[in-house]
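J.: Sequence first, predicted model second:
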Amino acid sequence: MHDLSYFRNHFDRVAERLATRSNPPSLEQFRDLDQRRRAAITQTEQLKAAVNKASAEIGPLLREGKDATAQREQVRVMKAEIASLDEQVKSVDTQFQELLTGIPNTPHESVPVGKDADDNVEVRRVGEPRTYDFAPKPHWDLGLELGILDLERAAKITGARFALYWDMGAKLERALINFMLDVHTREHGYTEVLPPFLVNSQSLFGTGQLPKFKEDLFKCEGQDFWLIPTAEVPVTNIYRDETLEGDALPIRLCAYTPCFRSEAGSYGRDVRGIIRVHQFQKVELVKFTRPEDSYAELEKLTADAEDILRRLCLPFRTVVLSTGDMGFSSAKTYDIEVWLPGQNGYKEISSCSNFEAFQARRAGIRFKSGKKSEFAHTLNGSGLAVGRTWVAIVENYQQKDGTVLVPEALRPYLNEEVIRPRKL
RNA sequence: GGAGGAAUGGGUGAGUGGUUGAAACCGGCGGUCUUGAAAACCGUUUGCGGGGUGACUCGCACGGGGGUUCGAAUCCCUCUUCCUCCGCCA
């Protein structure tokens, strides 16, 4: 959510910047609604002040034993008028809030202007894709042949786009989770948290998934519980409606959680394998910072996520998303893309964003700054998507004989150097 | 799931219909005193939203929502959360 007075006072400049997004918000109504809302508020509040004044006079009159019928009648009439005016205020305010909360964040000045993902700008490329003296297979073939990934039974148990891992497949997933959490907590200074995997509407509003993107989420029937689409939601909301001590910043948290996404609107995309599924595992990095530090912290957070890929010796590149490819709440986003031989290309494995005060304003996350309190900046990024890291390892470390080599860094976690085929 | 109890400002906690946006204490901030610090003393210390260049002013908020009343922290309804006891349970 935008700062209202800033938005009002810099309307043309902000509107121009917002127009560079892929779904630019319609702002035509803003000025009219804003003005109508303020006029309505002024009107009712003046009347309320009159009522307060009149009814304060009644008490003393009664105490003196005088008659107050006239005053009572006067207040009663004004109250009736207020009731109808309040309706108007409520109606215009609701419209205004809907408009305001539906406006995406302003892209930071360093974000390249562009239409879509094609206009994203590569900022780094690390590692060389391996060359194979055989045709590398995609992970869905490898997973089946190795007996570690069982998509058919997952579909039976639940449905399409779910995964069942067996044996070394399950252990690899678990090893990756532990490895990532260990690196971030021991080497990068993050504190581990284990949050609820179900959240309420208020939390989803705080991080910006609601009200606009509810079709992407799973909801529990008859209850205000939603399956989390990312740990960003419960972890960022840890400090919802709280004021943090200024000295406590920056706060760096990391969390492992499963993530649940309905993937509505993604039909036909990444249908094979487990690149795009309804449930996947992720280790998430979340930061709360002072405004002046947030961009430096974004660089560090992105580097922390990249470090996992470096340690696993997986080739990757990092791009800065163009204005046309950014998410709703973000002011700046880096995507980290890992090399996948099965796709013969780079595929997103982490998305690292600075939301500035956009989420903090929605969620009421403040910090003490001298005598005043102000909104913190929030950031987050995948560190990393575990399922896609699993894919990257299986595909990049496959060998001619059908086995998969375990990356050096994971061997202590797996007690194996090679994943060998087994019967499913 | 059943039975009781509770929810007030950063914290403790008073307040059961009319200058109570809220006593008191603690904490925080500023000051006096002091070589410095402590102590003592004085002052100050909620948020959101309107109006005004500004001094300032108005409205709303005592867990959330609704109601009674000229007037609600205080009375009623409802929801939520927490505590105690019982039941169930990994």
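T.: Great, that's in hand. Residues are numbered from 1 along each chain as shown, chains lettered A, B, ... in the order given.
J.: Same question for the residue lying closest to A:Asp67 once chain neighbours are set aside, what's its three-state structure.
T.: The shortest distance from A:Asp67 to any non-neighbouring residue, by Cβ to Cβ, 6 or more residues apart in numbering, is to A:Leu61 (7.6 Å). C-beta coordinates here come from the backbone N, C-alpha and C atoms, glycine included. The three-state assignment at A:Leu61 reads helix, by DSSP: H, G, I helix; E, B strand; the rest coil.
J.: ok, A:Pro129 touching A:Pro315?
T.: Yes - counting by Cβ atoms under 8 Å, A:Pro129 touches A:Pro315, with 5.1 Å between them.
J.: Identify the contacts common to these two.
T.: A:Trp339 (Cβ atoms under 8 Å, 6 or more residues apart in numbering).
J.: who has more neighbours, the two?
T.: A:Pro315 (19 against 16; other Cβ atoms under 10 Å).
J.: so what does the strand or helix carrying A:Lys300 touch, helix or strand wise?
T.: Using DSSP states H and E, A:Lys300 sits in helix A:294-311. Counting contacts by 3 or more Cβ pairs under 8 Å, 6 or more residues apart in numbering; DSSP states H and E, helix A:294-311 is packed against strand A:121-126, helix A:168-186, strand A:279-289, strand A:316-320, strand A:332-340, strand A:345-354, strand A:377-385.
J.: tell me the angle it makes with strand A:377-385.
T.: Between helix A:294-311 and strand A:377-385, the angle formed by their directions is 10 degrees, by axes from the mean of the first three to the mean of the last three Cα atoms, to 10 degrees.
J.: Compute the inter-axis angle for helix A:294-311 and helix A:168-186.
T.: With the same axes, to 10 degrees defining the directions, helix A:294-311 sits at 140 degrees from helix A:168-186.
J.: what about the residue lying closest to A:Ile419 once chain neighbours are set aside, distance to A:Val418?
T.: Excluding its sequence neighbours, the residue lying closest to A:Ile419 (Cβ to Cβ, 6+ apart) is A:Val404, at 4.2 Å. Noted for A:Val404: a distance of 7 Å to A:Val418, by Cβ to Cβ, to the nearest Å.
J.: So if I had to pick from those two, which one is more boxed in?
T.: Ranked by neighbour count (other Cβ under 10 Å), A:Val404 and A:Val418 place A:Val404 first, with 23 against 13.
J.: Just confirm the residue nearest to A:Ile419 contacts A:Tyr397, I think it does.
T.: Yes - counting by Cβ under 8 Å, A:Tyr397 is a contact partner of A:Val404 at 5.0 Å.
J.: Could you pull up the mean pLDDT of the helix or strand hosting A:Lys90?
T.: Using DSSP H and E, A:Lys90 maps to helix A:69-101. Helix A:69-101 comes out with an average pLDDT of 85.
J.: And the strands in the stretch 151-300 of chain A, which stretches?
T.: For the stretch 151-300 of chain A, strands defined by DSSP state E, counting those that start in this stretch occupy the ranges A:191-193, A:198-199, A:226-227, A:242-244, A:251-260, A:279-289.
J.: Deepest-packed of the ones you listed, please.
T.: Burial of the strands of the stretch 151-300 of chain A is given as mean neighbour count (mean count of other Cβ atoms under 10 Å); strand A:279-289 ranks first at a mean of 25.
J.: Tell me which other helices or strands that one touches.
T.: Counting by 3+ Cβ pairs under 8 Å, 6+ apart, strand A:279-289 packs on helix A:168-186, helix A:232-236, strand A:251-260, helix A:294-311, strand A:377-385, helix A:386-396.
J.: I'd like the ones you listed laid out as JSON lines, including mean pLDDT.
T.: What follows is the helices and strands packed on strand A:279-289, written out as JSON lines (pLDDT from 0 to 100):
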{"stretch": "helix A:168-186", "mean pLDDT": "97"}
{"stretch": "helix A:232-236", "mean pLDDT": "94"}
{"stretch": "strand A:251-260", "mean pLDDT": "95"}
{"stretch": "helix A:294-311", "mean pLDDT": "98"}
{"stretch": "strand A:377-385", "mean pLDDT": "95"}
{"stretch": "helix A:386-396", "mean pLDDT": "97"}
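J.: Kindly reformat the ones you listed as JSON lines containing distance to RNA strand B.
T.: JSON lines is the format used below for the helices and strands packed on strand A:279-289 (distance: least, Cβ to the nearest atom of the strand, whole Å):
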{"stretch": "helix A:168-186", "distance to RNA strand B": "20"}
{"stretch": "helix A:232-236", "distance to RNA strand B": "15"}
{"stretch": "strand A:251-260", "distance to RNA strand B": "17"}
{"stretch": "helix A:294-311", "distance to RNA strand B": "20"}
{"stretch": "strand A:377-385", "distance to RNA strand B": "16"}
{"stretch": "helix A:386-396", "distance to RNA strand B": "24"}
